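Asker: Here is my input; please provide its structure:
(one chain, ligands or ions: 1)
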Amino acid sequence: MRPLSETVKTISESITLKYNRLALQLQREGKRVIRLTAGEPDFSTPEPVIASALTAMKTGKTRYTPAAGIPELREAVARKLSRDLGGRWEASQVVITNGGKHALHLALMSILNPQDEVVIFTPAWVSYEPQVRLAGGIPVLVETDSSYLPDVAKLKSKLTEKTKAIILNSPNNPTGAVYSPQVLEAIAEVAKSHDLYVVSDEVYRHLVYNGDHLSIASLDGMLERTIVVDGLSKSHAMTGWRVGFALAPKSIAAFMIRLMSHTTSNINTPTQWAALDALSLDTSYMRDEFKRRRDYVLERLKRLKLPHSTPDGAFYVLLDVSSISQNDTVWVEELLKQEHVATVPGSAFYAPGTVRISFAASFEELEEAFNRIERFIHKWI
Ligand SMILES: Cc1ncc(COP(=O)(O)O)c(C=O)c1O
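Answerer: Residues are numbered from 1 along each chain as shown. Predicted coordinates for the structure are as follows:
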């Protein structure tokens, strides 16, 4: 047989899925497993969104739409994000995608040429590196500082004439870090002086517990070089609906739409009508509940006396176990085996020696999970 794709060979299956699978296997064996692996809200999709989708289906909104999405939704997204983020986008600059993940893929495919370098700050979400590779680019990993914020001096030291773009993710998965205005200003200066694109993944922007969300797109001179990625997965508990948004300079948006028209075509049509109604819903009750859990998790973490990130946004915390274990994967697997608490090794996020804990779980589950984690650590050391 002829060899398969050399490009796909360079990427591997997502590690988060592996730990979810191991947890489900234990659950099937009858164990009371607590899963703190989830990258999705544990809330149900709001009823009005479901009602909108049903109405769309019953009223014939079941056919193809333009690849970039229905004009009504593109307009509503342009209006809402211009208001929320302080940018100025028109409907023609909005692409409705199959989740934020698809928006990132289209963006990278549209801006990269072979061997272009793309900066990714670590710890980082699992899909950036494979996505850069799939688009023919070279990922350049740059470690954040001790507060998990981008280190601009380090960033500058990694730039070459091949550097084409920087990926930003604030609020951050897996650390929960929210980038400060100073850090964003400094990155914007670097992007402008080196003529770089910025792909700004803001899918957790609704989940900020300290201060306000700031988009780099709103900073002086950044709108024309920034692609904002957003969506309804995390903000409206709609992970399975697959709806994301990309807001890009016109020429980039046009490339993304070309790509979409020959690959996925439009996203699911009833979902687009439901998304239009979702945009006007207030989902701050989810943020309030996540904040309550986050505060509780921080209290429990204090008792463990191990270093950890402080999640000012999103729903993850990174626990540093390097002082008690030489291998985060072994630690995670033992915690799952002995105490039936599922987490994800930090190595999956380029942060060896740490463990990602998601607090997208009920308060009761978090309470029980931390009882077990505490017991496990006492046994371990
Ligand atoms: C940082 C980050 N970006 C993007 C996504 C993609 O979200 P979706 O494709 O479900 O909208 C996720 C999902 O886990 C994420 O954590």
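
Asker: what's the single longest helix in the chain?
Answerer: Counting residues, the longest helix found in the chain (DSSP state H) is helix 284-304.

Asker: ok, and what's touching that one?
Answerer: Helix 284-304 is touched from outside by 41, 43, 176, 206-209, 235, 237, 308, 310-311, 315, 317, 319, 357, 359-361, 363, 366-367, 370, 373-374, 377, with contacts defined as CB atoms under 8 Å, 6 or more residues apart in numbering. Where you see a C-beta, it was placed from the backbone N, CA and C, and this is true even at glycine.

Asker: Residue 326: neighbouring residues, count only.
Answerer: Residue neighbour count, defined by other CB atoms under 10 Å, stands at 10 for residue 326.

Asker: so where do the helices sit in the stretch 51-200 of the chain?
Answerer: All helices of the stretch 51-200 of the chain, identified by DSSP state H, counting those that start in this stretch, fall at 71-85, 99-111, 128-134, 152-157, 181-193.

Asker: okay, the ones you listed in CSV with mean neighbour count and distance to the ligand next?
Answerer: Conversion of the helices of the stretch 51-200 of the chain to CSV gives the following (neighbours: other CB atoms under 10 Å; distance: least, CB to the nearest ligand atom, whole Å):
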stretch, mean neighbour count, distance to the ligand
helix 71-85, 18, 14
helix 99-111, 24, 3
helix 128-134, 21, 8
helix 152-157, 14, 19
helix 181-193, 18, 17
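
Asker: As JSON lines, these with mean pLDDT would be great.
Answerer: As requested, these are exported to JSON lines (pLDDT from 0 to 100):
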{"stretch": "helix 71-85", "mean pLDDT": "98"}
{"stretch": "helix 99-111", "mean pLDDT": "98"}
{"stretch": "helix 128-134", "mean pLDDT": "96"}
{"stretch": "helix 152-157", "mean pLDDT": "98"}
{"stretch": "helix 181-193", "mean pLDDT": "98"}
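
Asker: Those: which one's closest to residue 20?
Answerer: The stretch from these with the least distance to residue 20 (CB to CB) is helix 99-111; that distance is 16.4 Å.

Asker: who are the neighbours of that closest one, in terms of helices and strands?
Answerer: Secondary-structure packing of helix 99-111 (3 or more CB pairs under 8 Å, 6 or more residues apart in numbering; DSSP states H and E): strand 94-97, helix 128-134, strand 163-169, strand 197-201, strand 226-231, strand 244-247, helix 250-262.

Asker: worst-scoring helix or strand of this structure, pLDDT-wise?
Answerer: Of all the helices and strands that make up the chain, the one with the lowest confidence by mean pLDDT, DSSP states H and E is helix 15-28; it has a mean of 87.

Asker: How about that helix and the ligand, any contact?
Answerer: No. Judged by CB under 6 Å from any ligand atom, helix 15-28 makes no contact with the ligand; its nearest approach is 8.2 Å.

Asker: And that helix, how far out from the chain middle?
Answerer: Using CA atoms, centre = their mean, to the nearest Å, we find the averaged C-alpha position of helix 15-28 to lie 20 Å away from the chain's own average C-alpha position.

Asker: Equivalent analysis for stretch 46-57, please.
Answerer: Stretch 46-57 sits 25 Å away from the centroid of its parent chain (CA atoms, centre = their mean).

Asker: likewise stretch 79-87?
Answerer: When distances are taken as CA atoms, centre = their mean, stretch 79-87 is centred 20 Å away from the chain's centroid.

Asker: Use 76 as the first number for this chain going forward.
Answerer: Sure, I'll start counting at 76 from here, so that last one is stretch 154-162.
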